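K.L.:
Sequence and predicted model, in that order:
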Amino acid sequence: MTSDGEPRRSARDAYAEATRDQFDTPELQLGPWTSDSLLNDPKHMCFVLARYKFCAKMFEGKGVVLEVGAGDGFGLPLVAQAVGQLYALDWDRRLLDGNARRLAHLKNVTYLYADLNDSAPDVSVDGAYSNSVQLKIDSGLGRQGSVPTAAVELGMAKLVLPELGHMVFLLGG
(Lines give C-alpha, C1' and ligand atoms only; values in the text may rest on other atoms or scores of the structure.)
Protein backbone atom coordinates (compact mmCIF):
# COMPACT_ATOMS: atom_id res chain seq x y z
CA MET A 1 0.00 0.00 0.00
CA THR A 2 1.06 3.56 -0.70
CA SER A 3 0.99 6.32 1.96
CA ASP A 4 -2.46 7.39 0.76
CA GLY A 5 -3.91 3.89 1.06
CA GLU A 6 -3.82 3.02 -2.64
CA PRO A 7 -2.51 -0.37 -3.73
CA ARG A 8 1.10 -0.16 -4.90
CA ARG A 9 1.47 -0.70 -8.66
CA SER A 10 4.19 -2.92 -10.01
CA ALA A 11 6.99 -1.38 -12.06
CA ARG A 12 5.69 -3.33 -15.05
CA ASP A 13 2.19 -1.82 -14.69
CA ALA A 14 3.58 1.71 -14.24
CA TYR A 15 5.78 1.27 -17.31
CA ALA A 16 2.88 -0.06 -19.40
CA GLU A 17 0.68 2.88 -18.43
CA ALA A 18 3.43 5.47 -19.03
CA THR A 19 4.27 4.14 -22.51
CA ARG A 20 0.74 3.39 -23.77
CA ASP A 21 0.63 6.49 -26.01
CA GLN A 22 3.92 5.61 -27.73
CA PHE A 23 2.77 2.06 -28.44
CA ASP A 24 -0.58 3.33 -29.74
CA THR A 25 1.18 5.68 -32.19
CA PRO A 26 1.38 4.33 -35.75
CA GLU A 27 4.93 3.54 -36.83
CA LEU A 28 6.39 5.52 -39.71
CA GLN A 29 8.35 4.11 -42.61
CA LEU A 30 11.71 5.76 -43.34
CA GLY A 31 12.74 7.02 -46.78
CA PRO A 32 15.56 5.49 -48.84
CA TRP A 33 18.38 7.84 -47.70
CA THR A 34 17.42 7.58 -44.03
CA SER A 35 16.99 3.80 -44.21
CA ASP A 36 20.46 3.50 -45.73
CA SER A 37 21.93 5.69 -42.98
CA LEU A 38 20.24 3.69 -40.22
CA LEU A 39 21.56 0.43 -41.63
CA ASN A 40 25.05 1.56 -42.65
CA ASP A 41 26.01 4.74 -40.78
CA PRO A 42 23.60 5.51 -37.92
CA LYS A 43 25.74 8.40 -36.62
CA HIS A 44 25.05 10.24 -39.87
CA MET A 45 21.39 10.61 -38.84
CA CYS A 46 22.46 12.75 -35.86
CA PHE A 47 24.34 15.16 -38.11
CA VAL A 48 21.42 15.41 -40.54
CA LEU A 49 18.93 16.14 -37.76
CA ALA A 50 21.29 18.71 -36.23
CA ARG A 51 21.39 20.63 -39.53
CA TYR A 52 17.60 20.58 -39.74
CA LYS A 53 17.28 21.69 -36.11
CA PHE A 54 19.51 24.65 -36.94
CA CYS A 55 17.36 25.54 -39.97
CA ALA A 56 14.18 25.23 -37.91
CA LYS A 57 15.61 27.64 -35.34
CA MET A 58 16.77 30.11 -38.01
CA PHE A 59 13.37 30.13 -39.74
CA GLU A 60 11.15 29.91 -36.65
CA GLY A 61 8.07 32.05 -37.11
CA LYS A 62 8.63 32.66 -40.85
CA GLY A 63 5.55 32.43 -43.02
CA VAL A 64 6.74 30.58 -46.13
CA VAL A 65 10.03 28.68 -46.46
CA LEU A 66 11.52 26.53 -49.24
CA GLU A 67 13.85 23.56 -48.89
CA VAL A 68 15.88 22.93 -52.05
CA GLY A 69 16.78 19.25 -52.33
CA ALA A 70 14.32 17.78 -49.82
CA GLY A 71 15.57 14.23 -50.40
CA ASP A 72 13.58 11.67 -48.44
CA GLY A 73 12.22 14.29 -46.06
CA PHE A 74 13.89 13.05 -42.87
CA GLY A 75 14.22 16.56 -41.44
CA LEU A 76 11.03 18.08 -42.85
CA PRO A 77 9.02 17.62 -39.63
CA LEU A 78 11.51 19.75 -37.68
CA VAL A 79 11.24 22.71 -40.04
CA ALA A 80 7.51 22.21 -40.69
CA GLN A 81 6.68 22.67 -37.02
CA ALA A 82 8.61 25.97 -36.94
CA VAL A 83 7.16 27.71 -40.03
CA GLY A 84 3.75 28.53 -41.48
CA GLN A 85 4.20 26.86 -44.88
CA LEU A 86 7.07 24.73 -46.14
CA TYR A 87 7.77 23.96 -49.79
CA ALA A 88 9.87 20.83 -50.24
CA LEU A 89 11.53 20.91 -53.65
CA ASP A 90 13.37 18.04 -55.30
CA TRP A 91 14.16 16.86 -58.81
CA ASP A 92 13.37 13.20 -58.06
CA ARG A 93 9.64 12.48 -58.24
CA ARG A 94 10.16 9.16 -56.46
CA LEU A 95 11.38 10.99 -53.36
CA LEU A 96 8.56 13.54 -53.50
CA ASP A 97 5.91 10.83 -53.92
CA GLY A 98 7.38 8.87 -51.01
CA ASN A 99 7.49 11.97 -48.83
CA ALA A 100 3.89 12.84 -49.61
CA ARG A 101 2.87 9.30 -48.65
CA ARG A 102 5.03 8.90 -45.51
CA LEU A 103 4.68 12.46 -44.24
CA ALA A 104 1.00 13.05 -45.03
CA HIS A 105 0.50 14.19 -41.43
CA LEU A 106 2.52 17.35 -42.21
CA LYS A 107 -0.38 19.52 -43.36
CA ASN A 108 1.73 22.64 -44.01
CA VAL A 109 4.16 20.98 -46.46
CA THR A 110 3.77 21.19 -50.23
CA TYR A 111 5.98 19.05 -52.46
CA LEU A 112 7.38 20.68 -55.60
CA TYR A 113 9.08 18.98 -58.52
CA ALA A 114 11.68 21.09 -60.30
CA ASP A 115 15.19 20.85 -61.69
CA LEU A 116 16.97 24.11 -60.90
CA ASN A 117 19.21 23.50 -63.91
CA ASP A 118 16.13 24.22 -66.03
CA SER A 119 13.96 26.63 -64.05
CA ALA A 120 13.07 27.85 -60.58
CA PRO A 121 9.67 27.13 -59.02
CA ASP A 122 7.10 29.89 -59.21
CA VAL A 123 6.80 30.52 -55.47
CA SER A 124 7.35 33.52 -53.25
CA VAL A 125 9.10 32.67 -49.98
CA ASP A 126 10.40 34.38 -46.86
CA GLY A 127 13.48 32.18 -46.79
CA ALA A 128 15.12 29.15 -48.36
CA TYR A 129 17.72 26.59 -47.37
CA SER A 130 19.46 23.47 -48.62
CA ASN A 131 20.91 20.68 -46.54
CA SER A 132 21.59 18.56 -49.59
CA VAL A 133 25.12 17.28 -50.00
CA GLN A 134 24.10 15.74 -53.32
CA LEU A 135 22.57 18.88 -54.83
CA LYS A 136 23.97 19.18 -58.34
CA ILE A 137 23.85 22.30 -60.45
CA ASP A 138 25.17 21.97 -63.99
CA SER A 139 28.03 24.01 -65.47
CA GLY A 140 27.64 27.62 -66.52
CA LEU A 141 27.59 28.80 -62.95
CA GLY A 142 28.72 32.17 -61.73
CA ARG A 143 31.59 32.57 -59.29
CA GLN A 144 31.51 33.99 -55.79
CA GLY A 145 35.12 34.18 -54.68
CA SER A 146 36.55 30.82 -55.64
CA VAL A 147 33.38 28.84 -54.88
CA PRO A 148 31.16 27.92 -57.83
CA THR A 149 27.61 29.02 -57.03
CA ALA A 150 24.17 29.18 -58.51
CA ALA A 151 21.88 31.94 -57.39
CA VAL A 152 18.23 31.18 -57.67
CA GLU A 153 15.66 33.94 -57.44
CA LEU A 154 12.79 32.76 -55.28
CA GLY A 155 10.33 35.56 -54.84
CA MET A 156 11.68 37.68 -52.00
CA ALA A 157 14.65 35.39 -51.31
CA LYS A 158 17.83 34.71 -53.18
CA LEU A 159 19.32 31.32 -52.45
CA VAL A 160 23.04 30.93 -52.99
CA LEU A 161 24.08 27.31 -53.41
CA PRO A 162 27.79 26.57 -53.05
CA GLU A 163 28.76 23.43 -54.91
CA LEU A 164 30.07 21.66 -51.80
CA GLY A 165 28.23 23.52 -49.04
CA HIS A 166 25.27 23.06 -46.78
CA MET A 167 22.69 25.39 -45.30
CA VAL A 168 23.55 28.47 -47.30
CA PHE A 169 20.55 30.74 -47.42
CA LEU A 170 19.53 34.33 -47.40
CA LEU A 171 16.32 35.32 -45.70
CA GLY A 172 13.94 37.39 -47.72
CA GLY A 173 13.36 41.04 -46.83
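P.N.:
Sure thing, it's come through.
K.L.:
how close does the closest residue to Ser130 other than its chain neighbours get to Ser35?
P.N.:
The shortest distance from Ser130 to any non-neighbouring residue, by CB to CB, 6 or more residues apart in numbering, is to Val68 (4.3 Å). For the C-beta atoms, the positions are set from N, CA and C on the backbone; glycine is no exception. Between Val68 and Ser35 the computed distance is 22 Å (CB to CB, to the nearest Å).
K.L.:
quick one, which of those two is more surrounded?
P.N.:
Neighbours per residue (other CB atoms under 10 Å) separate Val68 from Ser35, with Val68 holding more: 26 against 13.
K.L.:
what is the rounded mean pLDDT of the longest helix along the chain?
P.N.:
When the chain is parsed with DSSP state H, its longest helix is helix 42-59. Averaged across helix 42-59, pLDDT comes to 92.
K.L.:
ditto for stretch 115-124
P.N.:
Mean pLDDT, stretch 115-124: 81.
K.L.:
for stretch 11-18, same thing?
P.N.:
Per-residue scores along stretch 11-18 average to 94.
K.L.:
And for that stretch, what's in contact with it?
P.N.:
Arg9 (CB atoms under 8 Å, 6 or more residues apart in numbering).
K.L.:
Tell me where the protein has strands.
P.N.:
Secondary structure of the chain by DSSP state E: the strands cover 64-68, 85-90, 109-113, 127-129, 142-144, 147-154, 157-162.
K.L.:
same for the fourth one, what does it pack against?
P.N.:
Read it as strand 127-129. helix 42-59, strand 64-68, strand 157-162 (3 or more CB pairs under 8 Å, 6 or more residues apart in numbering; DSSP states H and E).
K.L.:
strands paired with it, and their directions?
P.N.:
For strand 127-129, the paired strands and their directions (DSSP bridges) read strand 64-68 (parallel).
K.L.:
Next: the third one.
P.N.:
For strand 109-113, the paired strands and their directions (DSSP bridges) read strand 85-90 (parallel).
K.L.:
Figure out how far the partner strand is from the centre of its chain.
P.N.:
9 Å (CA atoms, centre = their mean, to the nearest Å).
K.L.:
what's the model's confidence in that strand, averaged?
P.N.:
pLDDT averaged over strand 85-90 gives 96.
K.L.:
Would you mind getting the angle between it and helix 42-59?
P.N.:
Relative orientation of strand 85-90 versus helix 42-59 (axes from the mean of the first three to the mean of the last three CA atoms, to 10 degrees): 140 degrees.
K.L.:
returning to that earlier point: was I right to think the residue nearest to Ser130 contacts Gly127?
P.N.:
No. Between Val68 and Gly127 there is no contact under CB atoms under 8 Å: 11.3 Å.
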